[in-house]
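1. Okay, sequence plus prediction incoming.
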Amino acid sequence: MNDTKKTAFPLRLINLFFLVFIGLLCLSLVVCSALLAFQFKNYASSSDKYAEISRAALNLQEGSDYLTEQCRLFVLSNEFYHLENYFYEANENKRREKSIERIKNVDGKESSIKYLEMAYQKSQELKLTEYYAMKLVVEGNHFDKDPSKKIPEEILNVELSPKDKALSDQYKISQAWLLLFSQEYISQKHSISALKSQAISEIFEYQEDTHQQSFAKLKSVFIHMITSISAIFVFEVLFFICVIVLVIHPLYRFINNIKEEEKLSNTRTKEFNILGETYNQMYEKNEANEILLRHKAEHDELTGLINRAAYNKLKKALVYTNTPCAFIVLDIDFFKLFNDNFGHSTGDKVLIRVADVLTENFRTTDYVCRIGGDEFTIILTQCDKDESKTKALIEKKLSAVKEELKKGTPDYPPISLSCGIALGTEGYSDFLYDKADGALYRAKKNGRDGWHFWEESDSETPEF
């Protein structure tokens, strides 16, 4: 009995122990809630940076592509407003410079900043080539002698070589065209793109690591909170009734919201409201990230063009446009021979080459798609109501594509295409595709390496 008395604990002390222990657990619960809210904020901040890099990278590429596009359009079309667009982008919008600054402000490796600076330096050097080409076009068209044309100082300060200055007007324009479509110019553009991609890739990798670390901390705090709540339930049932109302119930509601991919709703607990607001901000940011991921899902992995799934959605959307458009179906002539004679890797290079040339020569408002194998389609929107103007525009672009693809490389011989074209007055329809397919048959029947516009007489064309 004496031994029993010695081993027994006073009930009051045990109760006090429970109360103290539960008090400590409650304090731990409050701390965990605050930490959870803090970690959610860190996680949301990491998501913001990730989204900021994505937007800046997209703007950087768009700004760079826009400058190249306007410079080339000025050389090809000799329309002065392309020169004005170029310098407005370069001196006013400055999307490239602003995007680079935004990317530099995001945490990353030192090497990524170095790659960005190298890319920018190379782009500045490449800009001198563009200035020189535009100078040739300005003199070739005598824009510098037209008082209504305000020539930028950058162009006026360019000095042509004696050899180029002695060229005729037409040859100056031709020389400008050769500069901007030379293999050297294209290689420099690819080198700049590679440096930008390397820099952005390293920053993304760094931010992804930070993102994962933030999520791991968030998960750890979350687990500690569950443990504290469970301990309170075990030690005091009555006390846990209050915990159910203020903690467990909203917590499980949050879990269900997360599982159902819904926003978190308000609760009676301040800390959980902070958690819910932080999570909801993160939820909205993640929706923006999902848009970028869907972009990847809708584009062909090899060529970067719109894939067949996205093309099918695009067709449905264009049915209701009720505006003039044009539809082009094209195949690579004898593509099987590239694979058979040079290997599938060379066939892939041919597909990429064709995709790049089509993208470079058609407008940003046009849709260039790869719908399978060596079959490509191009949907031209915002076409002129005058079909003769639309045909002239298409022939000009296809001629440029043809000339560019005739330039062979050490990896493969010149490439040729067969194209079928159909014009529509009221948006896209399956009949438009059938007409373009019939025109493609005619183009192949006529010896390939060319194009054919669908005519009423083609309606009796048998299937190819």
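-> Nice, I can see it.
2. Please determine how far the nearest residue to residue 349 once chain neighbours are set aside is located from residue 353.
-> Leaving aside its sequence neighbours, residue 349 sits nearest to residue 411 (Cβ to Cβ, 6 or more residues apart in numbering; 5.8 Å). All C-beta spots, glycine's among them, are computed from the backbone N, C-alpha and C. Residue 411 is 9 Å from residue 353, where distance means Cβ to Cβ, to the nearest Å.
3. May I have the helix or strand where residue 314 lies exported as CSV, CA atoms only?
-> Residue 314 belongs to helix 308-318 when assigned by DSSP states H and E. The C-alpha trace of helix 308-318 is given here as CSV (Å, rounded to 0.1, in the frame of the first residue of the first chain):
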residue,chain,number,x,y,z
ARG,A,308,-3.4,19.2,-84.7
ALA,A,309,-5.4,19.3,-81.5
ALA,A,310,-5.1,23.1,-81.3
TYR,A,311,-5.7,23.3,-85.1
ASN,A,312,-9.1,21.5,-84.6
LYS,A,313,-10.1,24.0,-82.0
LEU,A,314,-8.9,26.9,-84.2
LYS,A,315,-11.1,25.6,-87.1
LYS,A,316,-14.2,25.7,-84.9
ALA,A,317,-13.4,29.2,-83.7
LEU,A,318,-12.8,30.5,-87.2
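4. what's near enough to touch the closest residue to residue 307 other than its chain neighbours?
-> Spatially, and ignoring its direct neighbours in sequence, residue 307 is nearest to residue 300 (4.5 Å; Cβ to Cβ, 6+ apart). Shown in contact with residue 300 (Cβ atoms under 8 Å, 6 or more residues apart in numbering): 306, 307, 355, 370.
5. Torsion angles phi and psi at the second one?
-> The main-chain torsion angles of residue 307 are listed as degrees, to the nearest 10 and equal phi -90, psi -180.
6. What is the burial count for it?
-> Applying other Cβ atoms under 10 Å, we find 19 other residues in the vicinity of residue 307.
7. Now do the strands for the stretch 351-464 of the chain: every range, in order, please.
-> Under the criterion DSSP state E, counting those that start in this stretch, the stretch 351-464 of the chain carries strands at the ranges 367-372, 375-380, 417-424, 450-453.
8. picking up where we left off before, between the contacts of residue 300, which sits nearest residue 244?
-> Taking Cβ to Cβ as the measure, residue 307 is the one of those closest to residue 244, at 50.7 Å.
9. Now do stretch 328-337: distance to the chain's middle.
-> 27 Å (Cα atoms, centre = their mean, to the nearest Å).
10. Which parts of that stretch count as buried, going by neighbours?
-> Buried residues in stretch 328-337, counted by 16 or more other Cβ atoms under 10 Å: 328, 329, 330, 331, 332, 333, 335.
11. How about stretch 443-450?
-> Here stretch 443-450 shows 443, 444, 449, 450 as buried, counting by 16+ other Cβ under 10 Å.
12. Extract the CA atoms of it and return them as PDB.
-> Only the C-alpha atoms of stretch 443-450 are listed here, as PDB (Å, rounded to 0.1, in the frame of the first residue of the first chain):
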ATOM      1  CA  ALA A 443      -0.100  21.300-107.800                       C
ATOM      2  CA  LYS A 444       1.400  17.900-107.500                       C
ATOM      3  CA  LYS A 445       0.000  16.800-110.900                       C
ATOM      4  CA  ASN A 446       1.600  19.900-112.400                       C
ATOM      5  CA  GLY A 447       5.000  18.800-111.400                       C
ATOM      6  CA  ARG A 448       5.200  19.700-107.700                       C
ATOM      7  CA  ASP A 449       7.500  22.500-106.400                       C
ATOM      8  CA  GLY A 450       4.800  25.100-106.800                       C
END
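13. got the buried residues for the helix or strand hosting residue 117?
-> With secondary structure defined by DSSP H and E, residue 117 is part of helix 110-140. Applying a neighbour-count criterion of 16+ other Cβ under 10 Å, the buried positions in helix 110-140 are 112-113, 115-116, 118-120, 122-123, 126, 129-140.
14. Do a quick rundown of the helices in the stretch 251-400 of the chain.
-> Using DSSP state H, counting those that start in this stretch, the helices of the stretch 251-400 of the chain run over 270-297, 308-318, 335-342, 344-361, 387-405.
15. mind listing what residue 378 touches?
-> With Cβ under 8 Å, 6+ apart, residue 378 has these contacts: 327, 328, 330, 358, 362, 366, 367, 368, 369.
16. do you know how far the last one is from residue 16?
-> Separation of residue 369 from residue 16 (Cβ to Cβ) stands at 75 Å.
17. Same check on the third one?
-> Taking Cβ to Cβ as the measure, residue 330 falls 85 Å from residue 16.
18. right, and residue 449 touches residue 415 too?
-> No - Residue 449 is beyond contact range of residue 415, at 9.6 Å (criterion: Cβ atoms under 8 Å).
19. Look at residue 411 and say how many residues are nearby.
-> If we define neighbours as other Cβ under 10 Å, then residue 411 has 11 of them.
20. and the gap between it and residue 347?
-> Using Cβ to Cβ, we find residue 411 at a distance of 11 Å from residue 347.
21. And for residue 125?
-> 34 Å.
22. Surely residue 175 is within a helix?
-> Yes - per DSSP: H, G, I helix; E, B strand; the rest coil, residue 175 lies within a helix segment.
23. Find the centremost residue of this structure, please.
-> residue 58 (5.6 Å; Cα atoms, centre = their mean).
24. in what helix or strand does that residue lie?
-> Going by DSSP H and E, residue 58 is part of helix 11-77.
25. Helix or strand next in line after that helix, which one?
-> Following helix 11-77 in sequence, per DSSP H and E, is helix 80-88.
26. That next one versus helix 110-140: what angle between them?
-> Calculated by axes from the mean of the first three to the mean of the last three Cα atoms, to 10 degrees, helix 80-88 forms an angle of 150 degrees with helix 110-140.
27. helices or strands next to whatever helix or strand comes next after helix 80-88 in the packing?
-> Remark: after helix 80-88, the chain's next helix or strand is helix 95-105, criterion DSSP H and E. If you count contacts as 3 or more Cβ pairs under 8 Å, 6 or more residues apart in numbering; DSSP states H and E, helix 95-105 packs onto helix 11-77, helix 110-140, helix 183-235.
28. before we move on, the earlier item: and the average pLDDT for the helix holding residue 58 is what?
-> Per-residue pLDDT over helix 11-77 has a mean of 73.
29. cool, stretch 369-389 as well?
-> 89.
30. Repeat that for stretch 100-116.
-> 68.
31. Repeat that for stretch 168-178.
-> 88.
32. Which residues in that stretch does the neighbour count mark as buried?
-> 172, 173, 175, 176, 177.
33. Pick the one among the residues you listed closest to residue 78.
-> Looking across the buried residues of stretch 168-178 and measuring by Cβ to Cβ, the closest to residue 78 is residue 173, at 6.9 Å.
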